[in-house]
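Participant: Got a predicted structure here, sequence first:
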Amino acid sequence: MICFPGRVVGCKTSLKNSTYLIKSALKQAYENRNPQEKLIFHNDRGSVYRSTVFRSYLESLNIEQSFSKAYVPYDNSVAESFFANLKREELYRTKYRSEKEFLKSIDQYIVLYNTKRPHASCQYKTPEQVEVDFANKHTILDE
């Protein structure tokens, strides 16, 4: 769901956590990016990530799976930080009148998070700015 430099590239929301939900979020991220290099999918030890269906899906995309160590929250700190910010900056501040309004607010927050909100971990640039700077630097080096 999150990749360099902390940018959200795939997100699905549901009232129930399931293998289908996780698979569809990964599929969206994978199709948005169309990666050319081998990926590592880092996750916690939840049962949806350990399911045979999900592990087979990762294998079919040639994605290596990496699990957090037990009781070590720092292993998943990028994702944990995103969800903490989403809750604090958006979800806990708003009363939603419908599920549709709730889902729309998440989509809008992700756009804000990726393109307008500076991140301390990105030297107070947005993930989009860091990505553009990285691409420009590597384009110059390749020429």
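Facilitator: Structure received.

Participant: any idea how far residue 12 is from residue 22?
Facilitator: Distance, residue 22 to residue 12, using C-beta to C-beta, to the nearest Å: 8 Å. In this view, the C-beta of every residue, glycine as well, is placed from N, C-alpha and C.

Participant: sec struct for residue 35, please.
Facilitator: coil (DSSP: H, G, I helix; E, B strand; the rest coil).

Participant: Count the residues that sit near it.
Facilitator: 13 (other C-beta atoms under 10 Å).

Participant: Next, it: phi, psi?
Facilitator: phi -60, psi 140 (degrees, to the nearest 10).

Participant: Between residue 22 and residue 12, tell me which one has more neighbours.
Facilitator: residue 22 (22 against 16).

Participant: dump the residue contacts of the more buried one.
Facilitator: By C-beta atoms under 8 Å, 6 or more residues apart in numbering, the residues touching residue 22 are 48, 49, 54.

Participant: In this structure the first one contacts residue 19, no?
Facilitator: In other words, residue 48. Yes - with contacts counted by C-beta atoms under 8 Å, residue 48 reaches residue 19, the gap being 4.9 Å.

Participant: residues shared between the contacts of the two?
Facilitator: Contacts common to residue 48 and residue 19, judged by C-beta under 8 Å, 6+ apart, are residue 54.

Participant: Give me the three-state assignment for residue 139.
Facilitator: Quick answer, by three-state DSSP: residue 139 is helix.

Participant: And the contacts of residue 22, which is closest to residue 123?
Facilitator: residue 49 (31.3 Å; C-beta to C-beta).

Participant: Look up which residues are beta-bridged to the residue nearest to that closest one when sequence neighbours are not counted.
Facilitator: Spatial nearest neighbour of residue 49, chain neighbours left out: residue 43 (4.4 Å); criterion: C-beta to C-beta, 6 or more residues apart in numbering. Under DSSP bridges, the beta-bridge partners of residue 43 are residue 67.

Participant: Understood, closing this out.
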